[in-house]
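Visitor: need a structure here:
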Amino acid sequence: MTQRVNLVVLLLCLGLMCPAVTGIFMDKLASKKLCADDDCVYTISLARAEEDYNAPDCRFINIKKGQLIYVYSKLVQEKDSGEFWAGSVYGEQYEDHMGTVGYFPSSLVSEQHVYQEANKTVPTTVRNLQKP
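Guide: Predicted coordinates:
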């Protein structure tokens, strides 16, 4: 336990000494997404995970079989890319993950209830990670 604490302190100190690091560039998953509103904040549907999924990077969320997920947007599939939806897990047993929004493959879930149609096409944006 103390080794873990020491490692965390060391990593924090290194992070404070190297403020020039601005982030890692990751390829865009899609140029457009379907949402229920212009800001993609309203829930489109509730889905149930049919399989476990381990997130490959910070843009994605981990899901477990049987877990319920609120869906907020659906990426418009491009070329040979997979079809991904964005959402957050639901339920008290996943309390420490609730509110974290990320992508997951749509093929691993089944929609349980549609709240409203995703009929707004919204461009995806790239956030500038560098400070002005």
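
Visitor: contacts, neighbours, all on C-alpha from now
Guide: Fine.

Visitor: so where is this structure shaky, pLDDT-wise?
Guide: Applying pLDDT under 70 to the chain flags residues 1-26, 80-81, 91-98, 126-132.

Visitor: quick one, helices of it?
Guide: All helices of the chain, identified by DSSP state H, fall at 2-17.

Visitor: Could I get the full set of strands for it?
Guide: 32-35, 45-49, 68-75, 84-90, 102-105, 109-114, 120-123 (DSSP state E).

Visitor: got a markdown table for these, with distance to residue 60 and mean neighbour count too?
Guide: As requested, the strands of the chain are arranged in a markdown table below (distance: least, CA to CA, whole Å; neighbours: other CA atoms under 10 Å):
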| stretch | distance to residue 60 | mean neighbour count |
| --- | --- | --- |
| strand 32-35 | 15 | 22 |
| strand 45-49 | 14 | 21 |
| strand 68-75 | 13 | 25 |
| strand 84-90 | 8 | 23 |
| strand 102-105 | 4 | 22 |
| strand 109-114 | 14 | 15 |
| strand 120-123 | 19 | 17 |
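
Visitor: Quick check: which of the ones you listed is nearest to residue 61?
Guide: Each of the strands of the chain was checked against residue 61 via CA to CA, and the shortest separation belongs to strand 102-105, namely 4.9 Å.
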